[in-house]
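Engineer: pasting the sequence and the predicted coordinates here, then a few questions.
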Number of protein chains: 2
Amino acid sequence: MNNDAFLAACRDAIGDSHVLTSDADKAGYLTDQRQRYTGQATAVVKPASTEEVAQLVQLCNQFRIPIVPQGGNTGLVLGSVPDQSGQAIVLSLKRLNHIRAVDPVNHTITAEAGCILQQIQDAATTANRLFPLSLAAEGSCTIGGNLSTNAGGTAVLRYGNSRELCLGLEVVTAQGDIMHGLRGLRKDNTGYDLRDLYIGAEGTLGIITAAVLKLFPRPTVQLTALAALQSPAAALRLLTLAQERCGATLTGFELMSDLCLQLVGKHFPQLPFPFAQRHPHYVLLELSDSEPAPHASALLEALMSEALEQDICQDAVLASSGTQSRALWQLRESISSAQAKEGKNIKHDISLPISRIAEFIADTDALLQQHFPACRNVTFGHLGDGNLHYNVSPPEGVDAERFIGQQAAINLLVHDNVNRMNGSISAEHGLGALKREEILRYKSPVEIALMKTIKQALDPLNLMNPGKVI
Amino acid sequence: MNNDAFLAACRDAIGDSHVLTSDADKAGYLTDQRQRYTGQATAVVKPASTEEVAQLVQLCNQFRIPIVPQGGNTGLVLGSVPDQSGQAIVLSLKRLNHIRAVDPVNHTITAEAGCILQQIQDAATTANRLFPLSLAAEGSCTIGGNLSTNAGGTAVLRYGNSRELCLGLEVVTAQGDIMHGLRGLRKDNTGYDLRDLYIGAEGTLGIITAAVLKLFPRPTVQLTALAALQSPAAALRLLTLAQERCGATLTGFELMSDLCLQLVGKHFPQLPFPFAQRHPHYVLLELSDSEPAPHASALLEALMSEALEQDICQDAVLASSGTQSRALWQLRESISSAQAKEGKNIKHDISLPISRIAEFIADTDALLQQHFPACRNVTFGHLGDGNLHYNVSPPEGVDAERFIGQQAAINLLVHDNVNRMNGSISAEHGLGALKREEILRYKSPVEIALMKTIKQALDPLNLMNPGKVI
């Protein structure tokens, strides 16, 4: 009865056709991206404006209905799907999809939470600017989700995570008030940093409805090289050298072990392997430059020559065209698919102090071999950010399902080692429902207590995405 | 009696000689930098370690003693001095002054809160790295104070504010617990952003005791130019052009009105004016480059030629040596002193969307002339960050004290206009005690309420720097 009254009030607020209650209509909103989990919801509601979001949150307060905010639902940690209770609503932000303003002189764009990331990239391009956030899901993820999870992606080395790309937020609080914080200022020291509290909170403190985002001048040229090296330690030496020689021009620095490119070669034989012989590791470098193309070319060539002379790397290929650059990136971007074609595997999204990456890989590889003999490490990632996709495939010929059964033990081994070296068990994906329990093992009790205090203070009824993060 | 017991407990905790109670000993800690205000304190306590800070905060909880954390006490908004009640202690962080670690490969430095900013810059230099935070007080301000006020300075355009330069914090909470968050990670999405909550909180939520800070490769060369222009609007066109042509190489972009340089010429006649004739405005540009010097030279020359051709600027001088570069910077850096020598004046530390700067200056100048005829605008600042030092001197021949009497009315006019154009009334100095009331006029009630909720949740006894910020 109570539920009927709530749904009627929702329909009054945002219109019948935007309150979905049939199983068929709701189905597209209840299952996570990787199709590992399906929850239940009273309804899926689709407001069209910040005011409608505020009204719905007020109704949820009145009727004590939990809210699961949802953007593109492309998250990997079960942060944007409801639990099994069926008590919550899914509040989809997809209809808040307007670019409100582009200011090329201030280098800002103001976008509503439901804008697709690619839509924002395109609007920036139209204004001859760059919005640098870029990740695999950019064609379907929303900026509200990007901000709520502090998404990383491929341009963090130069431009930072989503948090660093945001200047101001509009938020509907857990009580249904609208916080008007859409300021496009580089400097504003007038009190507590509410913006960064909502960013990365995964919808557990309030709902981001719009944001002012930073734009940058468009690079005139992007150039890549692939270096072949003996070890992650050599890759770190190359990173330091590249940072010293190229400064902020260096926008990408991706590590790949040989097994990664072996799997790419096996499952995507049309992608040519660019070296005459195999090497233990490879690094993909990218420069982005504001000067005419010959400048970046010369810079990259000088860097790679120096690296070869110093025996930091053993071989290198430089892309001499955009097509060649894309071909090199394609090797890197095909690793996940190749590993998937090889069969199920165990993924870790970890970060470490960059200086400890080599030690971490050597030590953890050895520990895994000791406890899970012949398991295969498919190690790659954003080395320039200290972020590894430290994935583990079953030994050749071993049944994947049986191997996946050891996931908890393997996670424990890997994450304990990450923690011992002061790293993070979730570099860019967040905690969601998936890592909410696990983080208690690694985060200090004082930090956990502070997080709980903040959650309790800002959302005392625990209606905002309950069961996520904390 | 109670007070005696408290002081005895403090002496037990950190030693007699570090609990200062005589007027003579306390005097150096009670007056603000500009000598406008002197408060009172039960004692000045000087712990030497994070554990001692925690012990003292626990004692303050037990005895209900308010705490004013203090670093270099160089703040400009009365944030680090106690009030008149005499109930509080000043907790000086000066003895927590150790660099705990430098990691050149991870590009991080770990420093205790009481480290002088210059000490950190020097430690970075020794490791062939750059810590880019730089401001006038760098010889005496502490990194704890820099972080607690989210200090800006001269390198924000390229490197960001203090917040963006910090990866991890160690904090003593308002209850005296130690939050161990000294992680040196570029990516870590494991819960609420506690770090950025303590940064900029001006000691009202807890006490920052140490931080992991970002380092950068040292530029091989820094080069400056001075451009002469007709208007702030032309300066904005030059900014856009410089950003497009020079990308991240552009590290400084400072606007100065002609009156600024007239005052510099009057009070520092030894500093040569570099143009044959006067112009309404000037811009100081700085490039920082990782390549050999001729590259930045050519880049800057090409930029200025293009700006002259496009009639964006009317004249330009390029520094051809480090000495010449410093001479140009000296003009910029002497403005505040020149204005002080001219007599008392009214200062505003404001920020705006960069695209609205020209409109703001024209509009506010006109309003001021209307209401305060012949007052003199001494307008300069970090145009690249949208941050103006919009200072107002009395009309020539008018008594400064009488003019200063109009400060409240002038502040109101200027800040109302800032607010109308979505700017901030405190770009880089913070709120402290000085702007705590004024901000209520400009910040939305929802934001103020959220700030109060957080303050109440994290410091329910209101012991942390009471009367500041909120």
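Structural biologist: Looks like it came in fine. Numbers count the residues shown, from 1 in each chain, chains lettered A, B, ... in the order given.
Engineer: burial measure for A:Q456, as a count.
Structural biologist: A:Q456 sits with 12 neighbouring residues when counted by other C-beta atoms under 10 Å in any protein chain shown. Every residue, glycine included, has its C-beta placed from N, CA and C.
Engineer: ok, it - contacts?
Structural biologist: Contacts for A:Q456 (C-beta atoms under 8 Å, 6 or more residues apart in numbering or on different chains) come out as B:A457.
Engineer: what secondary structure does it sit in?
Structural biologist: helix (DSSP: H, G, I helix; E, B strand; the rest coil).
Engineer: and what of the one 4 residues further on?
Structural biologist: Three-state secondary structure (criterion: three-state DSSP) places A:P460 in coil.
Engineer: show me where the stretch 51-200 of chain A has its helices.
Structural biologist: Using DSSP state H, counting those that start in this stretch, the helices assigned to the stretch 51-200 of chain A run over residues A:117-126, A:143-148, A:156-159, A:194-198.
Engineer: what about the longest one, average pLDDT?
Structural biologist: Mean pLDDT, taken over the full extent of helix A:117-126, equals 98.
Engineer: other SSEs contacting that helix?
Structural biologist: Contacting helix A:117-126 under the criterion 3 or more C-beta pairs under 8 Å, 6 or more residues apart in numbering or on different chains; DSSP states H and E are the following elements: strand A:99-103, strand A:108-112, helix A:143-148.
Engineer: now do the last one
Structural biologist: Other elements packing on helix A:194-198 under the criterion 3+ C-beta pairs under 8 Å, 6+ apart are strand A:166-173, strand A:178-181, helix B:194-198, helix B:445-458.
Engineer: could you export it as PDB, CA atoms only?
Structural biologist: C-alpha atoms of helix A:194-198 as PDB (Å, rounded to 0.1, in the frame of the first residue of the first chain):
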ATOM      1  CA  LEU A 194      32.400  19.400  -0.600                       C
ATOM      2  CA  ARG A 195      33.100  18.700  -4.300                       C
ATOM      3  CA  ASP A 196      35.800  16.100  -3.700                       C
ATOM      4  CA  LEU A 197      33.700  14.500  -1.000                       C
ATOM      5  CA  TYR A 198      30.900  13.700  -3.500                       C
END
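Engineer: who touches that helix?
Structural biologist: Helix A:194-198 is contacted from outside by A:147-148, A:163, A:166, A:168-169, A:171, A:179, A:181, A:205-206, A:208, A:454, B:192-193, B:196-197, B:447, B:450-451, B:454, using C-beta under 8 Å, 6+ apart.
Engineer: so A:Q222 sits in a strand?
Structural biologist: Yes - with three-state DSSP as the criterion, A:Q222 is part of a strand.
Engineer: give me the nearest residue to A:F403, chain neighbours excluded.
Structural biologist: Nearest residue to A:F403, sequence neighbours excluded (C-beta to C-beta, 6 or more residues apart in numbering or on different chains): A:P394, at 3.5 Å.
Engineer: which of the helices and strands packed on helix A:117-126 sits most buried?
Structural biologist: Of the helices and strands packed on helix A:117-126, the one with the most neighbours on average (mean count of other C-beta atoms under 10 Å in any protein chain shown) is helix A:143-148, at a mean of 30.
Engineer: near chain B at all, that helix?
Structural biologist: No - if you take C-beta under 8 Å from any C-beta of the partner chain as the test, helix A:143-148 misses chain B, and the best it gets is 10.4 Å.
Engineer: can I get the helices and strands packed on helix A:194-198 in TSV including distance to B:P280 and mean pLDDT?
Structural biologist: Below are the helices and strands packed on helix A:194-198 laid out as TSV (distance: least, C-beta to C-beta, whole Å; pLDDT from 0 to 100):
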stretch	distance to B:P280	mean pLDDT
strand A:166-173	30	98
strand A:178-181	35	98
helix B:194-198	40	98
helix B:445-458	38	98
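Engineer: per the annotation, how does chain A divide into domains?
Structural biologist: A:3-92, A:99-217, A:221-336, A:343-429 (automatic domain parsing).
Engineer: state the distance from the spatially most central residue of chain A to chain B.
Structural biologist: A centroid search over chain A (C-alpha atoms, centre = their mean) returns A:A151, at 3.6 Å, as the residue closest to the centre. According to C-beta to the nearest C-beta, to the nearest Å, A:A151 and chain B sit 8 Å apart.
Engineer: and that residue, what are its phi and psi?
Structural biologist: When read as degrees, to the nearest 10, the backbone of A:A151 gives phi -60, psi 150.
Engineer: show the pLDDT at it.
Structural biologist: Per-residue pLDDT puts A:A151 at 97.
Engineer: ok, now which ones touch it?
Structural biologist: A:A151 is in contact with A:L133, A:L135, A:C141, A:G145, A:N161, A:S162, A:E428, counting by C-beta under 8 Å, 6+ apart.
Engineer: quick check, pLDDT for the last one.
Structural biologist: Going back to what we said before, that points to A:E428. 93.
Engineer: assign a three-state SS to the closest residue to A:L318 other than its chain neighbours, would you?
Structural biologist: Spatial nearest neighbour of A:L318, excluding adjacent residues (C-beta to C-beta, 6+ apart): A:A225 at 4.7 Å. Secondary structure assignment for A:A225 (three-state DSSP): strand.
Engineer: give me the buried subset of the contacts of helix A:194-198.
Structural biologist: For the contacts of helix A:194-198, a burial check counting by 16 or more other C-beta atoms under 10 Å in any protein chain shown picks out A:147-148, A:163, A:166, A:168-169, A:171, A:179, A:181, A:205-206, A:208, A:454, B:192-193, B:196-197, B:447, B:450-451, B:454.
Engineer: my guess is the residue nearest to A:L318 meets A:A302, correct?
Structural biologist: No - contact criterion C-beta atoms under 8 Å: A:A225 and A:A302 do not qualify, at 11.4 Å.
Engineer: hmm, back to that, from B:K187, how far off is the residue nearest to the centre of chain A?
Structural biologist: Distance, A:A151 to B:K187, using C-beta to C-beta, to the nearest Å: 10 Å.
Engineer: list residues touching both of the two?
Structural biologist: By C-beta under 8 Å, 6+ apart, the residues touching both A:A151 and B:K187 are A:N161, A:E428.
Engineer: closest one of the contacts of A:A151 to B:A358?
Structural biologist: B:A358 has its nearest neighbour among those in A:L133, at 29.7 Å by C-beta to C-beta.
Engineer: show the pLDDT at that closest one.
Structural biologist: The model reports A:L133 with a pLDDT of 97.
Engineer: what does A:R34 give?
Structural biologist: With respect to pLDDT, A:R34 scores 88.
Engineer: cool, A:T154 as well?
Structural biologist: Note on A:T154: pLDDT of 87.
Engineer: that one contacts A:A137, doesn't it?
Structural biologist: No - applying C-beta under 8 Å, one finds A:T154 not in contact with A:A137, separated by 12.0 Å.
Engineer: host element of the residue nearest to A:D315 when sequence neighbours are not counted?
Structural biologist: Leaving aside its sequence neighbours, A:D315 sits nearest to A:A228 (C-beta to C-beta, 6+ apart; 4.2 Å). Taking DSSP states H and E as the definition, A:A228 sits inside strand A:221-229.
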